[in-house]
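Peer 1: Need coordinates for the below:
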Amino acid sequence: MDTRQWLETLVAFDTTSRNSNLDLITCVRDDLQQQGVTAWFSHNEERSKANLFATLPATSGPNAGMTQGGIVLSGHTDVVPVDGQKWDTDPFALTEKNGLLYGRGSCDMKGFIATALSLTSEFLAMPRVKPIHLALSYDEEIGCVGVQGMLAELKRRGIRADGCLVGEPTSMQVVVAHKGINAYTCRVHGKAAHSSLTPRGCNAVEHAARLICTIRDMADAYRANGPYDELFDVPFSTMTSNQINGGIALNTIPDLCEFTYEFRNLPGMSPQAMQSQIEAYVHDRLLPAMRAEFAEARIEISNIALSPSLETAEQEAIVALVRALTGDRERRKVAYATEAGLFQEAGVPTIVCGPGSIDHAHRANEFVPIEQLTRCEDFLRKLGRSLQEA
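Peer 2: Okay, here's the model as predicted:
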């Protein structure tokens with residue numbers, strides 16, 4: 001299949017993160033097997049989802065058949081929900097209008113996956129002295145969950161790559177750094193009482209609000225005082241509380257309040273230190289105040305997403321290679337997170353570059369321009385040919 005046909009196929013699978021992605025990756029595996037390429041899965045605990053990893057070995061010279069080294073082409077198969085969004089077309093049926101291809105995931109990031117898959121036969125025919133690896137993950141959209149199992153399996157199997165290209169939508173521009181993402185759920189447990197008997201209760205909502213305000217104070221301090229990196233579109237670390245639920249009635253002191261918060265740290269800033277500051281406030285100030293009202297009050301904080309930041313040095317071979325192939329010399333850094341930081345943490349130098357714009361992801365009428373897919377095809381062909389001379 002060509003890129004358009006692959007994208008049409010991939011978009012038709014509703015791989016919203018709450019769903020299984022097994023049908024999609026089985027389709028990919030079967031196509032690869034028909035071309036003589038073996039792919040393996042790494043599943044989640046429930047075996048309802050899986051990552052796919054496949055290696056196109058070196059094809060030329062004394063290295064023919066070699067599976068070590070080379071470049072990983074990485075993409076996530078899950079997409080965000082369409083719930084509540086007003087689409088002008090069926091989000092799971094690829095639709096072309098005025099040179100744009102509409103569909104959920106067309107931009108983020110099935111367009112890149114489709115391009116890579118469409119070129120598999122060309123890659124296999126090239127006289128390459130290095131392998132090309134395909135890495136498709138699950139549950140990236142809910143905190144880069146799935147790829148961690150893939151990376152653990154790569155380590156277990158002893159598979160080492162020279163570099164990785166994560167094809168998130170960057171308008172085919174080179175991105176060498178992004179922030180980390182760290183997300184938590186907080187459950188504040190107080191004591192219920194009739195609101196006319198306020199001293200007999202412990203108001204979980206009000207105490208949760210104090211913690212939320214503390215998180216906002218920390219965020220304001222980072223915004224006012226830095227540290228800063230002006231190459232980022234948002235040049236400081238950010239912290240936000242984005243969901244909250246608590247209380248059962250107007251006249252009842254709430255005994256439970258739940259909220260989520262996240263922070264996105266600049267490379268070089270310790271997310272552990274940022275979280276430790278929150279936990280110190282909880283244990284040193286907030287819990288003592290709550291337990292003065294109710295001895296059994298407690299606060300539970302659970303991590304729900306943790307993905308490290310990325311900052312790839314210009315000296316890395318993957319950076320020099322992609323810059324040479326694209327002609328893009330600008331040093332770009334972005335506020336959103338990707339799986340690239342996890343590949344980098346696993347010892348694989350990584351950059352981000354793919355078709356489409358992040359501005360068009362996650363929203364109704366998501367699209368990728370056909371021109372961007374064509375540019376991606378040309379780039380990946382050049383990348384494959386560069387492995388003939390590596």
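
Peer 1: H133 is in contact with A161, correct?
Peer 2: Yes - counting by C-beta atoms under 8 Å, H133 is a contact partner of A161 at 5.9 Å. Any C-beta I mention is one placed from the backbone N, CA and C, and that applies to glycine too.

Peer 1: So for the two, which sits in the more crowded spot?
Peer 2: More neighbours surround A161 than the other of A161 and H133, with 26 against 21 (other C-beta atoms under 10 Å).

Peer 1: Next up, the contacts around that one.
Peer 2: Contacts for A161 were tallied using C-beta atoms under 8 Å, 6 or more residues apart in numbering; they are G69, G70, I71, V72, H133, V348.

Peer 1: now swap in M126 and tell me
Peer 2: T59, G384, R385, L387, Q388.

Peer 1: Please apply the same query to K49.
Peer 2: By C-beta under 8 Å, 6+ apart, the contact set of K49 is S20, N21, L22, H43, Y138, D139, G146.

Peer 1: and stretch 220-227, which residues are buried?
Peer 2: By neighbour count with 16 or more other C-beta atoms under 10 Å, stretch 220-227 contains the buried residues Y222.

Peer 1: okay, it in CSV with CA atoms only?
Peer 2: The C-alpha trace of stretch 220-227 is given here as CSV (Å, rounded to 0.1, in the frame of the first residue of the first chain):
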residue,chain,number,x,y,z
ASP,A,220,3.8,31.6,39.5
ALA,A,221,7.3,31.5,41.0
TYR,A,222,8.7,29.6,38.0
ARG,A,223,7.0,32.0,35.6
ALA,A,224,8.4,35.0,37.5
ASN,A,225,11.9,33.8,38.4
GLY,A,226,12.7,31.0,36.0
PRO,A,227,14.9,29.2,35.3
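
Peer 1: For the helix or strand Q372 falls within, which helices and strands make contact with it?
Peer 2: Using DSSP states H and E, Q372 sits within helix 370-386. Secondary-structure packing of helix 370-386 (3 or more C-beta pairs under 8 Å, 6 or more residues apart in numbering; DSSP states H and E): helix 3-12, strand 100-102, helix 110-118, helix 120-125, helix 317-326.

Peer 1: Would you mind giving those as a markdown table with mean pLDDT added?
Peer 2: A markdown table is the format used below for the helices and strands packed on helix 370-386 (pLDDT from 0 to 100):
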| stretch | mean pLDDT |
| --- | --- |
| helix 3-12 | 98 |
| strand 100-102 | 98 |
| helix 110-118 | 98 |
| helix 120-125 | 97 |
| helix 317-326 | 95 |
